[in-house]
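In: here is the input, now give the coordinates:
(chains A, B, C and D)
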Protein chains: 4
Amino acid sequence: MDERRDREAYERTHEPARVTALTDGVFAIILTLLVLEIHVPELPSEKGLRQALEEIRPSFVAFAISFIVVAISWIGHRELFAHVRRTDRPLVWLNLLYMFPLCLLPFGASLIARFDTATVALQLYGFMLLAIALTRVWMFWYGTGHPHLLYDSIEQRARVLGVVFVAAPAAVYLVAILIADSSPAISLWIYALVPVVYLIGAFLGRRSLPPGWSGSEA
Amino acid sequence: MDERRDREAYERTHEPARVTALTDGVFAIILTLLVLEIHVPELPSEKGLRQALEEIRPSFVAFAISFIVVAISWIGHRELFAHVRRTDRPLVWLNLLYMFPLCLLPFGASLIARFDTATVALQLYGFMLLAIALTRVWMFWYGTGHPHLLYDSIEQRARVLGVVFVAAPAAVYLVAILIADSSPAISLWIYALVPVVYLIGAFLGRRSLPPGWSGSEA
Amino acid sequence: MDERRDREAYERTHEPARVTALTDGVFAIILTLLVLEIHVPELPSEKGLRQALEEIRPSFVAFAISFIVVAISWIGHRELFAHVRRTDRPLVWLNLLYMFPLCLLPFGASLIARFDTATVALQLYGFMLLAIALTRVWMFWYGTGHPHLLYDSIEQRARVLGVVFVAAPAAVYLVAILIADSSPAISLWIYALVPVVYLIGAFLGRRSLPPGWSGSEA
Amino acid sequence: MDERRDREAYERTHEPARVTALTDGVFAIILTLLVLEIHVPELPSEKGLRQALEEIRPSFVAFAISFIVVAISWIGHRELFAHVRRTDRPLVWLNLLYMFPLCLLPFGASLIARFDTATVALQLYGFMLLAIALTRVWMFWYGTGHPHLLYDSIEQRARVLGVVFVAAPAAVYLVAILIADSSPAISLWIYALVPVVYLIGAFLGRRSLPPGWSGSEA
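Out: Below is the predicted model of the structure:
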């Protein structure tokens, strides 16, 4: 077997296409499975819209929080893999490891949907968010640290910034876990607000136009 | 890093492929999850086909209405993204925002499957249809208004027409929500008929042959 | 807008990629949702493997029959779309129409899993199989009859053969529906055997090697 | 029809893209459906984290074991299909046959989640793992034995090694099935440890750098 063939076989076996296909599938299913936790309320005829909404509120909050967490995770994955030209075995496994806590999230959402003031439910949900953040950081650090897996090598500064960007909310989640016993309500508020703050932060200071765009190309 | 690399990195990070992959996954799952709301009826031996069909009728109607709504939404998404060459952060988030009420639809379908004459169920289902229409208009308006995201810039007239095409059924849904209290039956009929009318409208006046097609190419 | 742009826009808006992506997603989900109908049996300690298997037998039979039906449907879809170069509006809608009874199949499987000798359950399941066959024939006939949608135009003889190949099992399903009242057991056997016979038939007389293959290319 | 067209039609109808798309979809759904078996525990206020964790432990173990089994199966599929240039009918059907026991796995996981010491549950789960291994070997052996389906023909030695790599855990699963009656606890430990050992084995002795990589290309 000559070297060209060897090289082509290497590229084929390290192609990221199926890794992103599987991952997009997993994300799509998690996003949609979350709704299964919202159960149809009892609707006696005398009940009004307000009461019905009140009844599904905890489920809906759990759905909304988890939806945003999954959405942010997917966007982070897409941004990382936009730089990934090849996947080796460790990266593929780190990607699967990342999906492990993500796949648990619908269970976590149903936990806090049913027990939105229970310390244990809030702690377990927090551990899932923490695990998602830590496996994401691990995959990010590995992927960006191996130039042969990337289109362009990534500067150390950008790598550290990327880790901080994920580790910061993780640290706040840790606080939420620790105070879940004494102040469950605050803990839930933290889970609800962190993704929103994160979202706002992600929008600031992003340029959108392509380099050298003059507007006459369209 | 030279300008070519900068440009290539820009294109890679703004590629719409994974956005459509995630979206197609979400649509595929919603289409198939809807059936989970049709529960196996009790079938004592003396029951005939007619009675069994009668029992699953509300579930089936909810399934069919929601299936068509999701199908129309997917077709609209495909038509928009056929013009999208690049996705920036706001467009990706508007796309995720669009999926939020869509992911709630199986819950809405199970609501009207179980309470097909309850005002509250009909109102909640209507709010979901309204939210789907509004987020779709928002995404459409943003996407078509930024030429650097498109293959070809889109005329203002076509943009306004596109909005009207989605806003018209949304206005009818609003009526259905408002009359759900006094006339729940009419409200359900509106939810059932709007997609059908929409479907018929979408078929009229569409040319199918490619430009310059002579029939000798096949 | 010049003609080249017009042509490119036409090709982009008629690209079949997203149609097959959605369809593959729907098929994948149906295949996997079917298992949700197999419920965990009660397992008191004195029960042996034989008894447990006996208990899940009807569910398993319904799973297996439906799995093969979905698999055959997917293979047929893949074979049709291997010839499809462009999709127009009617073809996209016929494809969605085809997915309608397919999405109902997990419900049908749970019906015959629970009531494998009930006439009504067998009739409803039969109607679903019939609807899958008829919508498939419709889509096939439309797609193969419009040369501008295809890579190569398809001979009339091949089109008729394709229809017969799907209509033949459909005719047998119709018989199974008609006799479901008098002989439910035979009806179930028909549902179970038709896909198997079909499978065997599909394997006969297929050449596998590429045209002009000499074996030295590998 | 000239030979070039004949050849192109052959390539289109034997393209593996949709086979991997369906398969990735199925794998993604199985990975995420597994979590549905973890049910929300009862959480009276006096219960602590430890007790709650104790209650969901069997479900979580079943989830984790099955997640790793599915992940390994997907990686094996990706590695095989990295060499597959064309798919013929038998390979497509072997691929569907491979998905049959895989789709049953969520049911198997819920069996051992609920009855983690019951012989029957452990036996059924073992049969599923065995069926996954055997269908995988069959597909691997067929695919690698037909050079016209591959990019490069694969040496007999590599084929035998590939079979051994899958057959070895299968043999251990057979032992676990046989001892499930006398020592259910050991049987469960075998199911839990085999994937982990397999995982470690898969990491050893793999080169990651592309052929001729000098590090200056990034």
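
In: chain center to the helix or strand containing residue A:104: distance?
Out: Using DSSP states H and E, residue A:104 sits in helix A:89-114. Taking the mean of its C-alpha atoms, helix A:89-114 sits 9 Å from the chain's own mean (CA atoms, centre = their mean, to the nearest Å).

In: for the record, mean pLDDT for that helix?
Out: The average pLDDT within helix A:89-114 is 93.

In: does whichever helix or strand comes after that helix reach chain B?
Out: Per DSSP H and E, the first helix or strand lying C-terminal to helix A:89-114 is helix A:119-144. No. Using CB under 8 Å from any CB of the partner chain, helix A:119-144 never reaches chain B; the gap is at least 13.5 Å. For glycine as for every other residue, the C-beta is placed from the backbone atoms N, C-alpha and C.

In: centre of the chain to helix A:119-144, how far?
Out: 9 Å.

In: point out where chain A drops to low pLDDT.
Out: A:1, A:43-47, A:49, A:203, A:205-208, A:214-218 (pLDDT under 70).

In: spatially speaking, which residue is in the middle of it?
Out: Closest residue to the average C-alpha location of chain A: residue A:73 at 1.9 Å, with CA atoms, centre = their mean.

In: that one: which element?
Out: Counting by DSSP H and E, residue A:73 is found in helix A:49-81.

In: what is that helix packed up against?
Out: Here helix A:49-81 touches helix A:17-33, helix A:89-114, helix A:119-144, helix A:184-203, helix B:17-33, helix B:89-114, helix B:119-144, going by 3 or more CB pairs under 8 Å, 6 or more residues apart in numbering or on different chains; DSSP states H and E.

In: quick one: closest of these to residue C:123.
Out: helix B:89-114 (21.7 Å; CB to CB).

In: touching chain C at all, the closest one?
Out: No. Helix B:89-114 is not in contact with chain C by CB under 8 Å from any CB; minimum separation 11.8 Å.

In: what's the angle from that helix to helix B:49-81?
Out: If you take axes from the mean of the first three to the mean of the last three CA atoms, to 10 degrees, helix B:89-114 sits at 170 degrees to helix B:49-81.

In: would helix B:89-114 count as contacting chain D?
Out: No. Residues of helix B:89-114 contacting chain D under CB under 8 Å from any CB: none, with a closest distance of 13.9 Å.

In: so who does the spatially closest residue to residue A:22 that is not a sequence neighbour touch?
Out: Counting by CB to CB, 6 or more residues apart in numbering or on different chains, residue D:24 is the residue found nearest to residue A:22 once chain neighbours are left out, at 4.9 Å. Neighbouring residues of residue D:24 by CB atoms under 8 Å, 6 or more residues apart in numbering or on different chains: A:18, A:21-22, A:25, C:28, D:74.

In: please apply the same query to residue A:187.
Out: Counting by CB under 8 Å, 6+ apart, residue A:187 touches A:122, A:126, A:176-177, A:179-180.

In: dump those to a markdown table, plus neighbour count and distance to residue A:143.
Out: A markdown table is the format used below for the contacts of residue A:187 (neighbours: other CB atoms under 10 Å in any protein chain shown; distance: CB to CB, whole Å):
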| residue | neighbour count | distance to residue A:143 |
| --- | --- | --- |
| A:122 | 28 | 32 |
| A:126 | 24 | 26 |
| A:176 | 24 | 28 |
| A:177 | 21 | 27 |
| A:179 | 17 | 33 |
| A:180 | 26 | 32 |
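
In: just to check, residue A:180 is in contact with residue A:122?
Out: Yes. Judged on CB atoms under 8 Å, residue A:180 makes contact with residue A:122 at a distance of 4.0 Å.

In: my read: residue A:22 touches residue D:28, true?
Out: Yes. With contact defined as CB under 8 Å, residue A:22 reaches residue D:28; the gap is 5.4 Å.

In: neighbour-wise, which of the two wins?
Out: Ranked by neighbour count (other CB atoms under 10 Å in any protein chain shown), residue A:22 and residue D:28 place residue D:28 first, with 30 against 25.

In: gap between the more buried one and chain B?
Out: 8 Å (CB to the nearest CB, to the nearest Å).

In: excluding its backbone neighbours, what's nearest that residue?
Out: residue A:25 (2.9 Å).

In: report how many residues lie close to that neighbour.
Out: 28.

In: just residue A:91 next, same as before
Out: 22.

In: am I right that it is in contact with residue A:148?
Out: No. Residue A:91 lies out of contact with residue A:148 (CB under 8 Å); the separation is 11.0 Å.

In: what sits against residue A:19?
Out: Counting by CB under 8 Å, 6+ apart, residue A:19 has contacts A:81, A:87, A:91-92, A:95, D:78.

In: which among those gets closest to residue D:51?
Out: Closest to residue D:51, out of all of the contacts of residue A:19 and judged by CB to CB, is residue A:95, at 33.6 Å.

In: and that closest one, how far from residue C:59?
Out: Going from residue A:95 to residue C:59 by CB to CB, to the nearest Å gives 34 Å.

In: just want to know which of those two has more residues nearby.
Out: Taking residue A:95 and residue C:59 together and counting by other CB under 10 Å, residue A:95 has the greater number of neighbours (25 against 22).

In: so how far is residue A:170 from that one?
Out: Relative to residue A:170, and taking CB to CB, residue A:95 is found at 19 Å.

In: do residue A:18 as well
Out: Applying CB to CB to residue A:18 and residue A:170 gives a distance of 29 Å.

In: neighbour count winner among those two?
Out: Neighbours were counted for residue A:18 and for residue A:170 using other CB under 10 Å; residue A:18 has more, 21 against 18.

In: quick one, what contacts that one?
Out: D:20, D:24, D:78, D:81 are the contacts of residue A:18 under CB under 8 Å, 6+ apart.

In: give the buried subset of those residues as a PyMOL selection command.
Out: Those of the contacts of residue A:18 that count as buried under 16 or more other CB atoms under 10 Å in any protein chain shown are selected in PyMOL with:
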select buried, chain D and resi 20+24+78+81
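
In: pick out the most distant pair among the contacts of residue A:18.
Out: Most distant of those, by CB to CB, are D:24 and D:81, 10.0 Å apart.

In: how about residue A:184, nearest residue that isn't a chain neighbour?
Out: residue A:117 (4.8 Å).

In: give me the number of residues near residue A:50?
Out: 9.

In: how long is stretch A:149-161 end to end?
Out: From its first residue to its last, stretch A:149-161 covers 20 Å (CA to CA, to the nearest Å).

In: list the buried residues in that stretch.
Out: Buried, per 16+ other CB under 10 Å, within stretch A:149-161: A:149-151, A:153-154.

In: tell me if I'm right that residue A:213 and residue B:148 touch.
Out: Yes. Taking CB under 8 Å as the definition, residue A:213 is a contact partner of residue B:148 at 5.5 Å.

In: those two: who's more crowded?
Out: residue B:148 (17 against 14).

In: wait, that one sits on residue A:211?
Out: No. Residue B:148 lies out of contact with residue A:211 (CB under 8 Å); the separation is 11.0 Å.

In: if I look at these two, which residues touch both of them?
Out: Joint contacts of residue B:148 and residue A:211 (CB under 8 Å, 6+ apart) do not exist.

In: surely residue A:181 forms part of a helix?
Out: No. Counting by DSSP: H, G, I helix; E, B strand; the rest coil, residue A:181 falls outside a helix, being coil.

In: roughly how far apart are it and chain C?
Out: From residue A:181 to chain C the distance is 35 Å (CB to the nearest CB).

In: tell me how far that residue lies from chain D.
Out: 9 Å.

In: now that residue. Nearest residue, chain neighbours left out?
Out: residue A:119 (4.8 Å).

In: so that neighbour touches residue A:178, yeah?
Out: No. Look at residue A:119 against residue A:178 with CB under 8 Å: they stay out of range, at 10.9 Å.

In: more neighbours: which of these two?
Out: Neighbours per residue, other CB under 10 Å: of residue A:119 and residue A:178, the larger number sits with residue A:119, 22 against 13.
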